[in-house]
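Trainee: whatever this is, show me its structure:
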Amino acid sequence: MRAEPAPARVLHIITGLGVGGAEQQLRLLLRHLPVDSEVVTLTNPGPVAEGLAADGVRVTHLGMGGNRDLAALPRLARVIRAGRYDLVHTHLYRACLYGRLAARLAGVRAVVATEHSLGDTQMEGRPLTAGVRALYLAGEKLGRATVAVSPTVAARLRRWGVPAPRIEVVPNGVDLDRFRFDPAARLRARRLLGLPEDAYVVGGLGRLVPGKRFDVLVGALARLPGDVRLLLVGGGPEEPALREAARRAGAGGRVVLAGERPALPDGSAGPDLPALLSAMDVLASPSPEEAFGLAAVEALASGLPVLYASCPAIEDLPPSAAPAARHVGGGPAGFARALAEARAAPAGPRTAPEAARHYCVTRSAARLMDVYATALTRPPYPALQGVGSA
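Mentor: Residues are numbered from 1 along each chain as shown. The predicted structure is shown next:
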């Protein structure tokens, strides 16, 4: 039974609002949480900030200058105090450090943080050094609970030293209706991107950064027949290198880079993420280290087979929950073999398996409300005075 009371006003603090998994997940959750929510972004009020504003969510840009901009702390505390929030929820490393402390200084009743991106060796692209761990653990003690997006992340947090009773698992959620396969959207998206209707399209989804290893898919493409195309959805610094790798491999004309695409409507021209997934025939995720694997779950919701190097969202469930998902090891040759086998397999209906339904966003939102309510029933924090009290 759900604990009481539920919060009336919640402030979400996030490091930035560019197009990324944690950022888009926040926007999706706010559409399903039955509380009055506002958002503070420390930096980069990008496309997701515009989407939140279109949804009617107030977004404040703190204008933080960098990781060591300590002047941002009293500014953030004043914003929190003025908003008279019942609970503060922080997202991503920098926002968790500054947000937890500012919330305590502002006298908020409860603070919750979500750990979106903790891997075995890195967090949000930064190496997991002893210093990063020590600072993380010091900040974690200032909150009521730390939310892990998968049981795998919860286990990593326990190994780091976060006490098990402070960890709650709330998986990322997917809007199943939006990601349902749409054959008309498939045709439109392929025409707009110049993809032949009869091509076999391998999809990759995520930030174009080294850790995602999309160069593996370029190498795999070069080993596959000429009617196979690679559709990469995302933006990032690796785009020029990927284009050059495709050119060197003789596959430049077979790679389409669609750029950043939102999961939710934001008024952008061109096909959105659900339409692009409908245009694909398989999703391949060569990233060796994921905290959840949201791209894979979105692909499952679109009825796609999924080939992955790491995906806790799938690995934490029984194999029968995602029968068309398969773990792939190795580099380009391994993915080329797996892709050839996936193409040769009998095509089934494009329907969402149990794994996708397990991660329905309404379930995640209800679980998060339970976490909020429990956090608010605990005794008040001890007084914390100092920076930001003026």
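
Trainee: tell me, how many neighbours does residue 141 end up with?
Mentor: 10 (other CB atoms under 10 Å). (Glycine included, C-beta is placed from N, CA and C.)

Trainee: tell me the spacing between it and residue 154.
Mentor: 17 Å (CB to CB, to the nearest Å).

Trainee: for residue 232, same thing?
Mentor: Applying CB to CB to residue 232 and residue 154 gives a distance of 31 Å.

Trainee: and what of residue 318?
Mentor: On the measure of CB to CB, residue 318 and residue 154 end up 18 Å apart.

Trainee: what about the stretch 251-390 of the chain, any weak spots by pLDDT?
Mentor: By pLDDT under 70, the low-scoring segments of the stretch 251-390 of the chain are 265-269, 383-390.

Trainee: my read is that residue 147 contacts residue 118, right?
Mentor: No. Residue 147 is not in contact with residue 118 according to CB atoms under 8 Å; the separation is 11.5 Å.

Trainee: neighbour count for residue 318 and residue 154, which is higher?
Mentor: residue 154 (22 against 8).

Trainee: for the more buried one, give me the backbone phi and psi.
Mentor: Main-chain torsions, residue 154, degrees, to the nearest 10: phi -60, psi -40.

Trainee: what sits against it?
Mentor: Taking CB atoms under 8 Å, 6 or more residues apart in numbering, we find residue 154 in contact with 148, 167, 169.

Trainee: check what pLDDT it gets.
Mentor: Per-residue confidence (pLDDT) for residue 154: 94.

Trainee: show me what counts as buried in stretch 206-222.
Mentor: 206-208, 211-222 (16 or more other CB atoms under 10 Å).

Trainee: ok, those vs residue 87, which is closest?
Mentor: residue 207 (29.5 Å; CB to CB).

Trainee: that closest one contacts residue 232, doesn't it?
Mentor: No. Residue 207 is beyond contact range of residue 232, at 10.6 Å (criterion: CB under 8 Å).

Trainee: quick one: the helices in the stretch 201-350 of the chain?
Mentor: 214-221, 239-248, 273-279, 294-301, 312-315, 332-344 (DSSP state H, counting those that start in this stretch).

Trainee: what are the ranges of the strands in the stretch 1-150 of the chain?
Mentor: Assigned strands in the stretch 1-150 of the chain, in chain order: 9-14, 36-41, 59-61, 87-91, 110-115, 122-123, 126-127, 145-148 (criterion: DSSP state E, counting those that start in this stretch).
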